[in-house]
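Participant: Please work out how this folds:
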Amino acid sequence: MTTPHPFHLSQTRRSFVGLSAAAFATVALASCSSGSGEEADVETQNVGAMEGYAADTQFKASEPFQVSMLWTDWPEVPVEDSWRLFEHIKELTGVEITLTHIPFSDHAEKRSLLISAGDAPTLIPLVYTGEEAPFVSSGAVVPLSDYVDKMPNFQKYVEEWDLGDMINNLKQADGKYYMVPGLQEVSVPVFSLVVRKDVFEEVAGAVPNTWEELHEALKLIKAKYPDSTPLADGFEGGALFNFASHAWLTKGGWGFGDGSIEGPDGKLTYVAITDEYKAMVELFRTLVEEGLLDRESLTASNDGSGAASVSEKFAAETCFAASGSSGTAIEFATALDETVGKGNHAVTLIPPPAGPAGDHVEPRNFWHGFMLSSEITKSEHFLATLQFLDWLYYNPDAREMLRWGEKDVNYTEAADGTIALKDEFSLDDYAINPGAETDIKTDLGFSTFPAESTESRALKESYSTPEFVQYIDDVLSVRTPREPYPPKPMDETELEQASLLSTPIKDAVDTATLQFIMGDRDMSEWDAFKSELEAAGLPRYLELLNTARDRFVEANG
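Facilitator: You can find the predicted model right below:
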């Protein structure tokens, strides 16, 4: 299964971006790496390892050692020498984390170059499922499935949260998996529609449940606010087309992935040639034609800020629904406080609207996890490194520390588990104690991207607004996750061929989709568009996908 790549560093427009890892495109680079190719004897490579290490225990190295880590530098959250995060981890574990920095702007490309050159640090984080595939055949990264028996926290929460089948779907063509993901006790779409609830209730009578209801509500809002274009995206269609697509049982935007979906005959087909994809495109075309969907918000370049102008339009009451997350809802509400005043509006994130195919949302997903450079298999600290990362990524106390900082220093925890920041600390991304002297993220390094990966439901809710907690409840009660997409791991030759084919095909889809939606291309040309994909090599591409899928099914049942 391949996960879309929306980072939710703070789940706001300011710091959100959908980074496309372009897994196929990095094959040529990755396959040049030599890899270690050596069998590791992890039991003897145990310097620094902890005796009796087990799930839900504090890892403490038997002697200090270092772990090198790839760190993505967000422009708005530069690493500071004064950050308490790394010092505190060293105090707790005896492990010093050293950083190799790469810029946010070309994170995926720089990561691939480091791996292909054999220069990657040990810990390669921010890896979504599917992004590891190009590095498998070269031996550049560790087959972590060989060593998860040394990761008791990982094993425990995979079992407790019923994620075993999803883990099996991570297997590559050789039957092993090469990354371990962030585990989520509950999985709901991070992005959906953020709406002015008060306006929808006043003008349309209720918050919409389906795309049809949304369409009718937008027309009513447009009539009351004629200068408005009430619906917007802000992410070049990536967010909107992604969460909308599931209502038609298709794929789009950030969730397009390899573009394949199971057809009526049980074989994989390409979503962009299906009637369901066409129907989705036709809806958004209609919304644009009727002045209900903001054209600019589909085309303005997303530099990582998510087109901040959408927030301005919300504040000016020329937009009343837009793609966003819980953080976006906070941002829109804050902007409205300045224009219409506190208490004069209600902004909330609603479940993705249902559609012709029913109440479906994206499949249950992992979040970003990590790979390990194969060089670690030569290290005397191999076992200790596995233990440390198992603690860091999957131990509940470590996860709470990464999110909130030091207990009784930065935050307190009540007997019922309720967490509260002390008055002198803030977490501005979630509007917690705004205005306090010290922000635990920008000043101390907590609640940065390492905090996102694995979360229990309780931890997720601990920093969320009541509205987002309600959103979780609503999605879990009124929406149905789709079945996981069929795994189709390819061998090196197939990946190279797929790389050559997939890029021009996907480029043609992106271009034509926007042309149809914006009205620059007539829908009568849909069959011609499908013929263009055929000419670009779609039949051969589908043959590769189906061959890989059939082989996986035969090997794994």
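Participant: How far does stretch 402-422 stretch from one end to the other?
Facilitator: End-to-end span of stretch 402-422 (C-alpha to C-alpha, to the nearest Å): 16 Å.
Participant: can you list contacts of stretch 483-498?
Facilitator: Here stretch 483-498 makes contact (C-beta atoms under 8 Å, 6 or more residues apart in numbering) with 1-2, 24, 27-28, 31, 133-134, 137, 165-166, 169-173, 257-258, 260-262, 268, 363-364, 540-541, 544-549, 552-553, 556. C-beta: built from backbone N, CA, C; applies to glycine.
Participant: Among those, which lie within helices?
Facilitator: Under the assignment DSSP state H, these contribute 27-28, 165-166, 540-541, 544-549, 552-553, 556 to helices.
Participant: List buried residues within the residues you listed.
Facilitator: Buried members of the ones in helices among the contacts of stretch 483-498, scored by 16 or more other C-beta atoms under 10 Å, are 27, 166, 541, 544, 545, 546, 548, 549, 552.
Participant: Contacts only, for residue 96.
Facilitator: Contacts for residue 96 were tallied using C-beta under 8 Å, 6+ apart; they are 64, 65, 66, 67, 86, 90.
Participant: go again using 7 Å as the cut-off
Facilitator: Each residue near residue 96 by C-beta atoms under 7 Å, 6 or more residues apart in numbering is listed here: 64, 66, 90.
Participant: Now do the same for the first one: its pLDDT.
Facilitator: Think residue 64. Each residue has a pLDDT score; the one for residue 64 is 98.
Participant: Pick out the most distant pair among the ones in helices among the contacts of stretch 483-498.
Facilitator: Spanning the widest gap among these are 28 and 165, at 32.6 Å by C-beta to C-beta.
Participant: Quick one: mean pLDDT over stretch 45-61.
Facilitator: The average pLDDT within stretch 45-61 is 98.
Participant: So what's the gap between that stretch and the chain middle?
Facilitator: Computed by C-alpha atoms, centre = their mean, to the nearest Å, the chain-centroid distance of stretch 45-61 equals 30 Å.
Participant: Which residues does whichever strand or helix holds residue 426 contact?
Facilitator: For residue 426, the element it lies in under DSSP states H and E is strand 425-426. For strand 425-426, contacts defined as C-beta under 7 Å, 6+ apart pick out 410, 432, 433, 434, 435, 436, 438, 439, 440.
Participant: pull the CA atoms of stretch 286-303 into PDB?
Facilitator: The C-alpha trace of stretch 286-303 is given here as PDB (Å, rounded to 0.1, in the frame of the first residue of the first chain):
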ATOM      1  CA  THR A 286     -19.500  22.600 -12.900                       C
ATOM      2  CA  LEU A 287     -18.400  24.300  -9.700                       C
ATOM      3  CA  VAL A 288     -15.900  26.400 -11.600                       C
ATOM      4  CA  GLU A 289     -18.400  27.300 -14.300                       C
ATOM      5  CA  GLU A 290     -21.000  28.400 -11.700                       C
ATOM      6  CA  GLY A 291     -18.400  30.600  -9.900                       C
ATOM      7  CA  LEU A 292     -18.500  28.400  -6.800                       C
ATOM      8  CA  LEU A 293     -14.900  27.100  -6.800                       C
ATOM      9  CA  ASP A 294     -12.000  29.500  -6.700                       C
ATOM     10  CA  ARG A 295      -9.900  29.000  -9.800                       C
ATOM     11  CA  GLU A 296      -6.900  30.700  -8.300                       C
ATOM     12  CA  SER A 297      -6.800  28.300  -5.400                       C
ATOM     13  CA  LEU A 298      -6.300  25.400  -7.900                       C
ATOM     14  CA  THR A 299      -3.500  27.100  -9.800                       C
ATOM     15  CA  ALA A 300      -1.500  29.300  -7.400                       C
ATOM     16  CA  SER A 301       1.800  27.700  -6.800                       C
ATOM     17  CA  ASN A 302       2.000  25.900  -3.400                       C
ATOM     18  CA  ASP A 303       5.400  26.800  -2.000                       C
END
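Participant: Run through who's touching that stretch.
Facilitator: Under the contact criterion C-beta under 7 Å, 6+ apart, stretch 286-303 has outside partners 17, 215, 218-219, 222, 229-237, 284, 307, 310, 319, 514, 517-519.
Participant: What subset of the residues you listed is buried?
Facilitator: Among those, those classed as buried by 16+ other C-beta under 10 Å are 17, 215, 218-219, 222, 229-237, 284, 307, 310, 319, 514, 517-518.
Participant: okay, the contacts of strand 425-426 in CSV with pLDDT next?
Facilitator: Below are these laid out as CSV (pLDDT from 0 to 100):
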residue, pLDDT
410, 98
432, 96
433, 96
434, 92
435, 91
436, 97
438, 97
439, 97
440, 98
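Participant: which residues in the stretch 401-550 of the chain form helices?
Facilitator: Applying DSSP state H, counting those that start in this stretch to the stretch 401-550 of the chain gives helices spanning 457-462, 466-478, 492-518, 526-535, 538-556.
Participant: Mind listing residues that contact the shortest one?
Facilitator: Contacts of helix 457-462 with the rest of the structure, by C-beta under 7 Å, 6+ apart, involve 185, 186, 399, 400, 403, 417, 419, 469.
Participant: do the same with the last one
Facilitator: Applying C-beta under 7 Å, 6+ apart, the external contacts of helix 538-556 come out as 168, 171, 175, 258, 260, 267-270, 486-490, 494, 497-498, 501-502, 505.
Participant: run the last query once more with 8 Å
Facilitator: Outside helix 538-556, the residues that touch it by C-beta under 8 Å, 6+ apart are 168, 171, 173, 175, 258, 260, 267-270, 273, 486-491, 494, 497-498, 501-502, 505.
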